[in-house]
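Q: Structure of the sequence below:
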Amino acid sequence: PKARSYLEGQRRAIDLQQAKKEFDMAEFYRRTGHPGSAFFYYELVRRRYPNTVYAQQAAERWNSLREEMQR
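A: Residues are numbered from 1 along each chain as shown. This is a model prediction of the structure:
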């Protein structure tokens, strides 16, 4: 009931924070010229936190990074 919905909300908030942290790590690696590491973290965000805005952004960045690497 009330306690359960509170805990579910807390869990979603924690997931969102962790997704942001890992997404930011991917961005760091991308900026500093480590595409393999960036790829890894983008994929991690996509798989672990699929229902977040960070998963969508990670998928977009993953695809653009893949295109850059193929050139």
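Q: ok, and for the helix or strand bottoming out on mean pLDDT in the chain, which residues are buried?
A: When the helices and strands of the chain are scored by mean pLDDT, DSSP states H and E, helix 53-70 comes last with a mean of 93. Using 16 or more other CB atoms under 10 Å as the burial criterion, the residues of helix 53-70 that qualify are 54-55, 57-58, 61-62, 65. Every residue, glycine included, has its C-beta placed from N, CA and C.
Q: gap between the residue nearest the centre of the chain and R11?
A: Centre of the chain computed as the mean C-alpha position; nearest residue by CA atoms, centre = their mean is V45, 3.0 Å away. When distance is defined by CB to CB, to the nearest Å, V45 is 17 Å away from R11.
Q: and the angle from the longest helix along the chain to helix 53-70?
A: Of all segments of type helix in the chain, defined using DSSP state H, the longest is helix 2-31. Taking axes from the mean of the first three to the mean of the last three CA atoms, to 10 degrees, one finds that helix 2-31 is oriented at 20 degrees with respect to helix 53-70.
Q: Could you list the low-pLDDT ranges of this structure?
A: Under the criterion pLDDT under 70, no range of the chain is flagged.
Q: Give me the outermost residue of it relative to its centroid.
A: Distance from the C-alpha centroid of the chain, by CA atoms, centre = their mean, peaks at P1 (30.5 Å).
Q: No more questions from me, cheers.
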